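[1] using only what follows, build the 3D model:
(chains A, B, C, D, E and F)
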Number of protein chains: 6
Amino acid sequence: MNAQPISRFPVPDIADLPKDIAERILAVQEKSGFVPNVFLVLAHRPDEFRAFFAYHDALMDKPGNLTKAEREMIVVATSNINQCQYCVVAHGAILRIRAKDPLIADQVAINYRKADVTPRQMAMLDFAMKVSQRAYEVDEEDMDVLKAHDFTEEDAWDIAAIAAFFGMSNRLANVTSMRPNDEFYSLGR
Amino acid sequence: MNAQPISRFPVPDIADLPKDIAERILAVQEKSGFVPNVFLVLAHRPDEFRAFFAYHDALMDKPGNLTKAEREMIVVATSNINQCQYCVVAHGAILRIRAKDPLIADQVAINYRKADVTPRQMAMLDFAMKVSQRAYEVDEEDMDVLKAHDFTEEDAWDIAAIAAFFGMSNRLANVTSMRPNDEFYSLGR
Amino acid sequence: MNAQPISRFPVPDIADLPKDIAERILAVQEKSGFVPNVFLVLAHRPDEFRAFFAYHDALMDKPGNLTKAEREMIVVATSNINQCQYCVVAHGAILRIRAKDPLIADQVAINYRKADVTPRQMAMLDFAMKVSQRAYEVDEEDMDVLKAHDFTEEDAWDIAAIAAFFGMSNRLANVTSMRPNDEFYSLGR
Amino acid sequence: MNAQPISRFPVPDIADLPKDIAERILAVQEKSGFVPNVFLVLAHRPDEFRAFFAYHDALMDKPGNLTKAEREMIVVATSNINQCQYCVVAHGAILRIRAKDPLIADQVAINYRKADVTPRQMAMLDFAMKVSQRAYEVDEEDMDVLKAHDFTEEDAWDIAAIAAFFGMSNRLANVTSMRPNDEFYSLGR
Amino acid sequence: MNAQPISRFPVPDIADLPKDIAERILAVQEKSGFVPNVFLVLAHRPDEFRAFFAYHDALMDKPGNLTKAEREMIVVATSNINQCQYCVVAHGAILRIRAKDPLIADQVAINYRKADVTPRQMAMLDFAMKVSQRAYEVDEEDMDVLKAHDFTEEDAWDIAAIAAFFGMSNRLANVTSMRPNDEFYSLGR
Amino acid sequence: MNAQPISRFPVPDIADLPKDIAERILAVQEKSGFVPNVFLVLAHRPDEFRAFFAYHDALMDKPGNLTKAEREMIVVATSNINQCQYCVVAHGAILRIRAKDPLIADQVAINYRKADVTPRQMAMLDFAMKVSQRAYEVDEEDMDVLKAHDFTEEDAWDIAAIAAFFGMSNRLANVTSMRPNDEFYSLGR
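    Purely as a prediction, here's the structure:
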């Protein structure tokens, strides 16, 4: 089964990649023990690779009030509605690890309204799903609901930007037929 | 986390149940090592319980050309579109076990079009999804596609009936807020 | 026009059916003056037939606060949204008879919001339609609305289970191309 | 039940109406034995009344290849998808009378794909439904399908214009809460 | 580019048209400096032409509380959701002129929720969009919202009728592939 | 009207921005004669700003078979379906300028199927819209259609990536209530 292609498009050899990209990939490999396929699939386009991961890091690694697990919840919930196999499987693994909870990722993916999350996290996910599915209807009332759950204006931006960025990522993964690494399925369970 | 309610409705004690229902539940417990919550949640209504499981068994345990794993694929794909946490988690576990494949359930749930299935299984899932989402448009052409993949008329009935039955089950699980047992999440991985 | 097939699948002769099924069908025929096609179409699969009607009776004939007419309203409203010819026509007839109202079935089928029903029945139908179309969004607020209209928790289960069961029935009828008996169209008008 | 209002808006007395409108209404009453409520509801706005019925007559009474029954089929199928009680009930009656078929209206309303119509009529209804629901996607291929069923370019215009006109009518009826006359429900059965 | 056809259907010569229609067209030409294509495209069907413009004038030229610009806002917002090129471009031009605002038409077309309109106009557009997209759900609460913004019952009828009439117009324009005159694109900017 | 806020979030003074960002903004201002609001709105988050524009440039300024006008067509068509005022207005202006065609932007925005584009461009827009709205259904057949119109595999990536990137941009603009500069409305007309 490992012989399955990981992309509909050509996948470069790490040896052929620009040095900065190869280094980032090798650093991830060292840390994770394997290279998540998103790195190899997107490396087909070095400039886009650099911008994608710069954006990713700017949203997922920045300081802020949202915990790392909460950010992953946003990714997992919106990616399942967008039917993105790569993002649900890979970020589901990261969510399990960040939350130290083996159940949370599947719960949030399938129906976040039934997940073991706090009311505050539920409001966060309601907003993220609206941004993902009907951003044109977002209005001041949505901001008020977030504020009532002690989210700041900056938190609202974070939630929206993560939902929007992974909406892009979901579309890229579906078009490239990006295949999740087998390793992700069982991580953190 | 085990303290979470498994239903929005009252859940009976096994000791208070009609004998036939209690016996079925205890038999499952002996075989599986735990009682899947669907048995306890639906036992609140003994007559419906009996009809539900008689129907379930008539579709899932009957002889026929669909393998047990294929039947579970239908359940898993349609249940995720219906956002049913219980059915995706519980039948995902059964699918992994039946297919002896730790990856297949998540693949089929999130986007069956990208799953490691045969073209014949893909046609089966396309039809099951149409029954689930737009049964009113099912027509002779759908039957022809199935026949072109060597499905018989009886197989078409099986696929449709499984998709329809679990469409009911998905709605019951969502309304009752039926909680998947923690055990299911890791089974067969 | 009576020469039209009543199912896309083979329809058994009553004489060839298992005795319990033949008896049920003959009893219905004696009571109604004709055999509703759902009995003949589903008799192609005896085990599923038995489970289907056991479930049907458990929901439609059980005691409870919902009147028989109200249960049929749920069937008729949800079946039209699912574009199920058999269920709207057959249960429309039953609704007219149960409610002793020749207009109610067409009203409820086409747009229940404009039907001659009580505010309590309107709340019942709002909930049934939500279960039918977006069960994954059902939450505690829906329960509160029902309670405000004097529905008990058990009534909520009844409404949801009827909507869910006929959602299955609608899909089976559409896939089998189940044809309503001509008799139903004019009954109770 | 007759005490139910027939419109959310004021309904004029025939005696107070402009002479041409009163005369049209009395002529209909003489012919049909009752005044269909659409005349009274729209008479609240005499200029719109005149334009509405001029348009109606230009489409429904004009010569052309579509039979009167076929035009009513278009009205009935599209009006049910638009959940318009008045149009389905009133034009269902007219369809039964025009087609001399007591079953056809309910069949076409609920799921025209299962109705006792010819393949040519099915193509007509497929096109009418596309105009009603997704007119922005209508293209040359749709025209080719119609031509393959011996519809002329003028027939295509007729089908589209009827679907479009009753789409307007459905919206007006739903906003005014236009109530169908009791008489329509049983006419032609 | 002017060589592009303005309709999928035959377009009559003005010289061949019935006198009343030719006169109306020539009057428009004199006033506007060009003949908007809707006149030529619909003149293919003189009776429908007369009814269409009688209806149009009854709604758009009648006295009432809605300003001419507000009526055009309704046309522009609903026509873009219906993806009608002719109506957005032509009525966008009229809206810019009526409102003496070069920006308002594009704002209202693309996302009226972000347009430079008053809260009262926003409520008007919310209602118009509901009539256009989900008229079957319009209820007393919608009327109350309008009243809270000082709209009368007659204003509600006006808004609904304009949304409904242009819903018809949008479908006709999409089916005929009615081409907007080049002149409209820049008028009022 | 210029007093309208350009973002729901704080907008930084150029003087307070990191030097690289201020320089980019001043360069744009020099070239265009004004600062497009997207620069000011996103500058609230410098790291995201840098990643956003790096990504933008990697897609919109890269060499490749798609002309600059074709890339803008993708932006305009998908942004209107996502009801994004900023992107339709700003990129509509750029499209008019790139294509040297004052009509093309409004045509493509409202209903690209009726726009003055080549069959090859129509296939490009069909694919871009599918990526935007149903990327999970993209499959090998879509690639074959593109190839039949002489698009390479790399072109397919470009189309998809532009649709995906602006899907993110549309969501950010709607959540921030990003206001298009008045200048864009009339540019290139």
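
[2] and the longest helix along chain A, what does it pack onto?
    With secondary structure taken from DSSP state H, chain A has its longest helix at helix A:153-176. Helix A:153-176 is packed against helix A:37-42, helix A:46-60, helix A:68-81, helix A:85-99, helix A:119-134, helix A:140-148, helix F:119-134, helix F:153-176, with contacts defined by 3 or more C-beta pairs under 8 Å, 6 or more residues apart in numbering or on different chains; DSSP states H and E. Quick note: C-beta positions are derived from backbone N, CA and C, even for glycine.

[3] please identify the buried residues of the shortest one?
    Neighbour-count burial for helix A:37-42, counted by 16 or more other C-beta atoms under 10 Å in any protein chain shown, picks out A:N37, A:V38, A:F39, A:L40, A:V41, A:L42.

[4] contact partners of that helix?
    With C-beta atoms under 8 Å, 6 or more residues apart in numbering or on different chains as the test, helix A:37-42 has contacts from A:6-7, A:9, A:11-12, A:14, A:24-25, A:28, A:48-49, A:52-53, A:86, A:90, A:172-173, A:176, A:178-181.

[5] just the buried members of the residues you listed?
    Buried by 16+ other C-beta under 10 Å: A:6-7, A:9, A:11-12, A:14, A:24-25, A:28, A:48-49, A:52-53, A:86, A:90, A:172-173, A:176, A:178-181, out of the contacts of helix A:37-42.

[6] okay, the closest residue to chain E within chain A: pLDDT?
    Distances between chain A and chain E by C-beta to the nearest C-beta are smallest at A:Y136, namely 5.3 Å. Note for A:Y136: predicted pLDDT of 98.

[7] need the contact list for it.
    Contact analysis of A:Y136 by C-beta under 8 Å, 6+ apart lists E:N111, E:R113, F:N82, F:Q83, F:C84, F:N174.

[8] top of those by neighbour count?
    Tallying neighbours with other C-beta atoms under 10 Å in any protein chain shown puts F:C84 at the head of those, with 29 neighbours.

[9] show the pLDDT at the spatially most central residue of chain A.
    Centrality entry for chain A: nearest residue to the mean C-alpha point is A:V75, 4.1 Å, by C-alpha atoms, centre = their mean. As predicted, A:V75 sits at a pLDDT of 98.

[10] distance of A:K62 relative to A:V117?
    Going from A:K62 to A:V117 by C-beta to C-beta, to the nearest Å gives 22 Å.

[11] when those two are compared, which one has more neighbours?
    Remark: of A:K62 and A:V117, A:V117 carries more neighbours, 21 against 14, as counted by other C-beta under 10 Å.

[12] tell me the spacing between the more buried one and chain F.
    Counting by C-beta to the nearest C-beta, to the nearest Å, the gap between A:V117 and chain F amounts to 22 Å.

[13] can you check A:D139 too?
    A:D139 is 9 Å from chain F, by C-beta to the nearest C-beta.

[14] that residue contacts E:R113, doesn't it?
    Yes - using C-beta atoms under 8 Å, A:D139 is in contact with E:R113, at 6.7 Å.

[15] hmm, A:D106 is touching B:V88, no?
    Yes - contact criterion C-beta under 8 Å: A:D106 and B:V88 qualify, at 7.3 Å.

[16] so if I had to pick from those two, which one is more boxed in?
    A count of neighbours by other C-beta under 10 Å puts B:V88 above the other of A:D106 and B:V88, at 34 against 27.

[17] mind listing what the more buried one touches?
    Contacts for B:V88 (C-beta under 8 Å, 6+ apart) come out as A:D106, A:I110, B:V76, B:S79, B:N80, B:A109.

[18] equivalent analysis for A:P119, please.
    A:H149.

[19] and the nearest residue to A:I97 once chain neighbours are set aside, how many neighbours?
    Counting by C-beta to C-beta, 6 or more residues apart in numbering or on different chains, A:I97 lies nearest to A:G188, which is 4.3 Å off, once chain neighbours are set aside. Residues lying near A:G188 (other C-beta under 10 Å) number 17.

[20] what does A:D116 give?
    Neighbour number of A:D116 under other C-beta under 10 Å is 14.

[21] what of A:A27?
    Using other C-beta under 10 Å, A:A27 is surrounded by 10 other residues.

[22] now do it against C:L103, distance only.
    When A:A27 is compared with C:L103 (using C-beta to C-beta), they lie 73 Å apart.

[23] now A:P63
    Counting by C-beta to C-beta, the gap from A:P63 to C:L103 is 65 Å.

[24] neighbour-wise, which of the two wins?
    Neighbour tally, A:P63 and C:L103, criterion other C-beta under 10 Å: the higher count belongs to C:L103, 19 against 5.

[25] quick check: residues of chain A near chain C?
    A:N111, A:R113 (C-beta under 8 Å from any C-beta of the partner chain).

[26] quick one, domains of chain A?
    With domains defined by automatic domain parsing, chain A comprises A:14-60, A:68-186.

[27] deepest of those domains, which one?
    Stretch with highest mean neighbour count among the domains of chain A: domain A:68-186 (a mean of 22; mean count of other C-beta atoms under 10 Å in any protein chain shown).

[28] quick one: it to chain centroid distance?
    How far domain A:68-186 lies from its chain's middle: 7 Å, per C-alpha atoms, centre = their mean, to the nearest Å.
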